[in-house]
Structures are given as C-alpha cells and as structure tokens.
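K.L.:
just to be clear, the model below is a prediction. Sequence and coordinates:
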Amino acid sequence: MEKLLNLISIEVTKAFTAAGYDEKYGKVTLSNRPDLCEFQCNGAMAAAKVYKKAPFMIADAVAEALAGNKMFSSVESVKPGFLNLKLSEGYLADYMNQMQAAEKLGVEELGHGETMIVDYGGANVAKPLHVGHLRSAIIGESIKRMGRFMGYDMIGDVHLGDWGLQMGLIIEELHERQPELVYFDESYTGDYPAEAPFTIGELEEIYPTASKKSKEDADFSERAHQATLKLQQGCAPYRAIWEHIMRVSKADLEKNYTNLDVHFDLWKGESDADPYIPGLIQNLVDQGLAYESQGALVVDIAEETDSKELPPCIVRKSDGAALYATSDLGTILEREKDFAPVEYIYVADKRQQLHFTQVFRVAKKAGFVKPETKMINVGFGTMNGKDGKPFKTRDGGVMRLEQLIADINDAVYARIMENREIGEEEAHEIAKVVGLAALKYGDLSNQASKDYIFDIDRFISFEGNTGPYILYTIVRIKSILKKYAEAGKSAKGQVILPAKAAEEKDLMLEIAKFNGVMETAFLETAPHKICAYIYDLANALNRFYHATKIMAEEDEQVQAGYIRLLELTKSVLETGISLLGFSAPERM
C-alpha cells in the first residue's frame, strides 16, 4: 500500500507539470505549521530561480491546477510561494479503511525472503547476565522483529564468548578445588561423567575467584593459559569440562533471555569459528594482505577517505594466539557458508566501533563477503544511574539482569496494588507484562547511540512517554471495545467514516504515518522511531477519546465508525509494541 505522503506528492507533481513546471518540484512534506495546514509543498520557491518567476505566481498556478481535486479539502497558495494543503476527510477515511483491510496494515515489504544475520547476544558463558547485556539484547531483538515484519529472513545469533581465557581459568580453578576429578587423572581412559561437577551457582562463583587469583598469582595465570591452549588443541578431558560449562550456562542464559522475551535462532559461539581460523589466516597471507609487524600478523585497513588514522587489524598475536577480530572473521566465513546473508547487523557497545570497522574492512578486502553485502554496527551508549555513571547496585557492584527485572516488577506491582480492584495474583502477572514494557520502552525510546539515565520511577509511570502509558492506552481501547460488545453490538461489516471533528481527523492522520515510520525505522535500524510514533499515536487517541462521546453516541452508524477506528488504532499500537518486544495485558 502506497504511503500517504507519496500519494499526495503524486497529485501535486501532476499539478506542477500541468502548470508547465518540472515534476521534481512536487514533493510534499508534513506541515511544520500544523495550525495552518496538514501538508505543505515548497517547490515553487526552488522553481522560481530556474523559471525566473515570482514564487507566488508558480504556487498560484499549481493551486489552480489542484482546484477540484477530491484528495484535498483545501489548497492554498500563500506568499511568498508556499502551498498549504489539507486532506479531504472522505479521502482520509478511505485510506483508513484500506489500511484496515490490507495485510500488515498496508506496510509494503522491503525484503522478499533475503537473509540477514543479527549478532546481538555476546554473553560470556559461566557468567550471569548483568545490566551490561541489556541493551544489545533488546535493541537486537527489536531490529530482528522489524526485519521479519519487513519481509526478511532474520537470523538472530547469540554469539557466545565460550573459547577464551575464561575457560582455562575455570578449568584450573576446578583442578585446584577438586583434583580428584577424573578429568585431571592422566591415566583415566573411561567415559567422562554425564553430570556436570558444578551447578550454575557454583560456576558463577568459580570464574570471578579464578580471575582475581590470576591477577595475583603468576603461576596460576600461566597454568590457566596452558589449560586454555590444551582445550583449544582438543584435550579430551578439558573438552568434556567445556561441554559441561556450555550446557549449564546455556540453560541459565536461555532462562534469563526468555524472561526478557528475547529469543535466538542460533546459539553459536566463538568456538564454532575456531576451525575456520587457520584457513583464513593462510588466505590472508596468500593474498598478500597479512604481514608481520613486531611479531604479530596484521592487515592494513586504512583508506584514502578516512578522516583519521586507523591502525591495522591484528589477526594473530606474536605468541600465535588468535584475537576477537580473528574469531569474528572466522564466524563470518561460517555464516557465508551456511547462509550467505545480504546484510550483517552487529549490535554492540559503541566503544567497539574500531573493532567492527577493522573486521568489516578485512572481510571485504579479503573477499570473505561480496562487495555489495552490507555490514553495519549498531553501536549503543551506556545505561547510567541517576548519578550519570554506569548503572550499579547500591553497594557499587554490577547488577544482575534478573535482579533488575525483579526490581522493576516489584515497583510496578506496588503501583498496581494502589488500585484494590485487582487481586494479588493477577497483579503479579500484570506487573510482569507492564514491567517488561517499562524496561524495554525506557531503553528503546532513546536513540541507541546515546547514553541514558535509568530511572525506575519514571519508567514505570502511567503518564508521559513511557511503556506503561502506551499499554494503558491499548487497555483503554480494549475496555471500550469490550463494553461495546457487552452491549450486544457489533461493528463487523461497518467502515470508518469521514471525521466529524478535528481530534478524530488528527488521529487518522497519525495512523496514516504508520507504513512510512515502519520502513524508516528498519532502514535506519532505529527502534526509537517506533517508540516516538506510538507515543504520538497514543496521545492522538487519548485526545480523541476525551473529545468524543463514543459509548453515548446515539447514531449507530457513527458509533460503529468510531469502533472501527479504535480497532485500527489498537492494531497499529499492538503491532508497534510487538516489534519493540513486549505486549499489552487485558487490563491494568
């Protein structure tokens, strides 16, 4: 379904050509003076220089050519040469009915099943998820959902950190604690136990203990490095421990990501890239791209158009070890073999921008991906506390993600229980839904690259630009629709009628922006644009609600038209929040 702005531009373009002017001047935009008009065209101002005429003369001629056009209720030429346009209420109502009947509310799919990879997990195994994992998870999940809505085959990969030094640290700490385990008996030749020698709670304590010890004990640190090397070289007992770590960690990670309503199609890790690394390094050497520098193997990535000097990408350290860049390049080779995506989207802290610039350029230079394959890094800012510093617990530690979710749910529950009409059990269930909306909307409503202040009190407010306010608006619509149905009425087969009042028309105009906003938000990987849109739409709905006696309307046909408009608004809002990764309860 064509975007409304495009349809208006087509009509105005026809008028420019009919008046003898180039079609390029017919572009229409939303009005920057909504008190005067709904849409505007400033093409006459630019055309005046080319045609050497006063701009108001050109605007007058175009306005005359638009006279009688049923799309508009008003076309005005305003000096010095602006065209002010108001849409016909009948045309707008027709557009609403087309949206209601159309698949995906009239959004035209950009993709046709092409594959995109979204890399947005990045958690390390053997460690609990903490607040630092929040942004990549919920921004990435939203981008994945947006892409699917736009017709792409989106594949989300958690891309676990499962192959680095932390594995050697855990193995060595386990060795010190339980030397009697068969994994550390060199004479043992039997099968290794199916049961892990630790719980997730013990595992999450083992790693930080080992990490601290490695900084204080050089011998322990060296043994951990050797354990990592043995693991990566295929040492059977260490591989068995690694598999235990993976199983226990993955089960815990899946539980916590599910609590966020974040889901991955692939649970791959750095270890999956390991088989590709020797070949990719040899490939870079054979192509003459990689060369030795101070004992390390590096690839130059600098380009003439760079505004600042960029260092080469190190693909192998002087001790022969691979790095994150090498692992990411190996992962790209695996993804090319398995999926050959048309685009890669990496959601990661913006402080990693140089890393991704290096990886993308090496991948393109080496021909690991096609020249036309798009590779982008959605770099996000920091979630800060009210003091403006990275968010911490009260005692200054890093807060676990499940604790953060619990805190928000508790705060929402307390707010809901102020309304004693809801029982405790139902209130707890509603609090989970509203709490998730508060958390996700509070994050996603900010431009990803910006730092933001995490403020529970503001995020859980039922007023203002918050997730609970959006949900409250949807619940308000559900309540009206329920009352209408309980009155024995049905709007099935009825249509949205031309607006009778300004608030009704304003709501329709806001709804009409939906397909354009969805397209822009996805193309710019910008979930915050969906947030801004549904907030504006919720405001328009509430203004309409307060100005209109919906249930008291005596004209059955008019009332049915209102109901159909509410149903469309609800569909648009629910689609929006689904793409952001949350849903609405039946009541609040």
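P.N.:
It's in.
K.L.:
going by C-alpha atoms from here, please, whenever you check contacts or count neighbours.
P.N.:
Will do.
K.L.:
show me where pLDDT drops low in this structure?
P.N.:
Regions of the chain meeting the criterion pLDDT under 70 cover residues 394-396, 420.
K.L.:
swap in 80 and give it another go.
P.N.:
Residue ranges of the chain with pLDDT under 80: 321, 392-398, 419-421.
K.L.:
quick one: the strands in this protein?
P.N.:
Shown for the chain, the strands assigned by DSSP state E span residues 29-30, 39-41, 72-78, 82-87, 115-119, 153-157, 290-293, 296-299, 313-316, 343-349, 374-380, 383-384, 452-453.
K.L.:
starting at the chain centroid, how far to the third one?
P.N.:
What that stands for is strand 72-78. The gap between where strand 72-78 is centred and where its chain is centred comes out at 39 Å by C-alpha atoms, centre = their mean, to the nearest Å.
K.L.:
what do you get for the fifth one?
P.N.:
Distance of strand 115-119 from its chain centroid, counting by C-alpha atoms, centre = their mean, is 13 Å.
K.L.:
strand partners of that strand, parallel vs antiparallel please.
P.N.:
strand 153-157 (parallel), strand 343-349 (parallel) (DSSP bridges).
K.L.:
rewinding a little: so for L507, which of the strands of the chain sits nearest?
P.N.:
Minimum separation from L507 across these (C-alpha to C-alpha) falls at strand 82-87, 13.2 Å.
K.L.:
can I get that closest one in PDB, CA atoms only?
P.N.:
C-alpha atoms of strand 82-87 as PDB (Å, rounded to 0.1, in the frame of the first residue of the first chain):
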ATOM      1  CA  PHE A  82       4.100  28.100  -0.200                       C
ATOM      2  CA  LEU A  83       1.400  25.600  -1.000                       C
ATOM      3  CA  ASN A  84      -0.700  24.700   2.100                       C
ATOM      4  CA  LEU A  85      -2.700  21.500   1.800                       C
ATOM      5  CA  LYS A  86      -5.500  19.900   3.900                       C
ATOM      6  CA  LEU A  87      -6.600  16.400   3.100                       C
END
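K.L.:
which helices and strands does that strand pack with?
P.N.:
If you count contacts as 3 or more C-alpha pairs under 8 Å, 6 or more residues apart in numbering; DSSP states H and E, strand 82-87 packs onto strand 39-41, helix 43-51, helix 55-66, strand 72-78.
K.L.:
can you put these in CSV and add mean neighbour count and distance to S88?
P.N.:
Converted to CSV, those look like this (neighbours: other C-alpha atoms under 10 Å; distance: least, C-alpha to C-alpha, whole Å):
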stretch, mean neighbour count, distance to S88
strand 39-41, 22, 12
helix 43-51, 18, 22
helix 55-66, 21, 13
strand 72-78, 19, 4
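K.L.:
looking at these, which is nearest to L537?
P.N.:
Smallest distance to L537 across these (C-alpha to C-alpha): 17.8 Å, for strand 39-41.
K.L.:
direction included, what does the closest one pair up with?
P.N.:
Sheet pairing here is set by DSSP bridges, and for strand 39-41 it gives strand 29-30 (antiparallel), strand 82-87 (antiparallel).
K.L.:
deepest of those strands, which one?
P.N.:
Stretch with highest mean neighbour count among these: strand 82-87 (a mean of 22; mean count of other C-alpha atoms under 10 Å).
K.L.:
angle of that one against helix 43-51?
P.N.:
Angle of strand 82-87 versus helix 43-51, following axes from the mean of the first three to the mean of the last three C-alpha atoms, to 10 degrees, is 140 degrees.
K.L.:
hmm, who's touching strand 82-87?
P.N.:
Strand 82-87 is contacted by residues 31, 36-45, 56, 59, 63, 71-78 when judged by C-alpha atoms under 8 Å, 6 or more residues apart in numbering.
K.L.:
now do it and strand 72-78, the angle between them.
P.N.:
170 degrees.
K.L.:
renumber starting at 5 from here on
P.N.:
Sure thing, new numbering starts at 5, so read that last one as strand 86-91.
K.L.:
what angle do strand 86-91 and helix 59-70 make?
P.N.:
30 degrees.
K.L.:
starting at the chain centroid, how far to strand 86-91?
P.N.:
A distance of 35 Å separates the centroid of the chain from that of strand 86-91, by C-alpha atoms, centre = their mean.
K.L.:
circling back: format the strands paired with strand 119-123 as JSON lines; extra columns: mean neighbour count.
P.N.:
Formatted as JSON lines, the strands paired with strand 119-123 follow (neighbours: other C-alpha atoms under 10 Å):
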{"stretch": "strand 157-161", "mean neighbour count": "21"}
{"stretch": "strand 347-353", "mean neighbour count": "21"}
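K.L.:
can I get those strands in CSV including distance to L9?
P.N.:
Output for the strands paired with strand 119-123, formatted as CSV (distance: least, C-alpha to C-alpha, whole Å):
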stretch, distance to L9
strand 157-161, 28
strand 347-353, 28
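K.L.:
so which of the ones you listed is nearest L577?
P.N.:
Per C-alpha to C-alpha, nearest to L577 of the strands paired with strand 119-123: strand 157-161, 22.5 Å.
K.L.:
output the closest one as CSV, nothing but the C-alphas.
P.N.:
Backbone C-alpha positions of strand 157-161 (Å, rounded to 0.1, in the frame of the first residue of the first chain) are rendered in CSV as follows:
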residue,chain,number,x,y,z
ASP,A,157,14.6,-13.9,6.9
MET,A,158,16.2,-12.6,10.0
ILE,A,159,18.6,-14.9,11.9
GLY,A,160,19.5,-13.9,15.4
ASP,A,161,22.7,-15.3,16.8
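K.L.:
give me the residues contacting it.
P.N.:
Under the criterion C-alpha under 8 Å, 6+ apart, residues 117-125, 145, 148-149, 151-152, 267-272 lie in contact with strand 157-161.
K.L.:
coming back round to it: out of the strands of the chain, nearest to A130?
P.N.:
strand 157-161 (18.2 Å).
K.L.:
tell me how far that closest one is from the chain's mean position?
P.N.:
In terms of C-alpha atoms, centre = their mean, the centre of strand 157-161 is found 13 Å from the chain centre.
K.L.:
JSON lines please, covering the strands of the chain and showing distance to L501.
P.N.:
JSON lines is the format used below for the strands of the chain (distance: least, C-alpha to C-alpha, whole Å):
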{"stretch": "strand 33-34", "distance to L501": "23"}
{"stretch": "strand 43-45", "distance to L501": "21"}
{"stretch": "strand 76-82", "distance to L501": "16"}
{"stretch": "strand 86-91", "distance to L501": "14"}
{"stretch": "strand 119-123", "distance to L501": "41"}
{"stretch": "strand 157-161", "distance to L501": "38"}
{"stretch": "strand 294-297", "distance to L501": "67"}
{"stretch": "strand 300-303", "distance to L501": "64"}
{"stretch": "strand 317-320", "distance to L501": "62"}
{"stretch": "strand 347-353", "distance to L501": "43"}
{"stretch": "strand 378-384", "distance to L501": "42"}
{"stretch": "strand 387-388", "distance to L501": "45"}
{"stretch": "strand 456-457", "distance to L501": "42"}
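K.L.:
P282 is nearest to which of the ones you listed?
P.N.:
Closest among the strands of the chain, using C-alpha to C-alpha: strand 317-320, at 10.2 Å.
K.L.:
other SSEs contacting the closest one?
P.N.:
strand 300-303, helix 328-342, helix 357-369.
K.L.:
which of those sits most buried?
P.N.:
Taking mean count of other C-alpha under 10 Å, strand 300-303 is the most buried of the helices and strands packed on strand 317-320, at a mean of 21.
K.L.:
starting from that one, tell me which strands it pairs with and how they run.
P.N.:
Partners of strand 300-303 in its sheet, by DSSP bridges: strand 294-297 (antiparallel), strand 317-320 (antiparallel).
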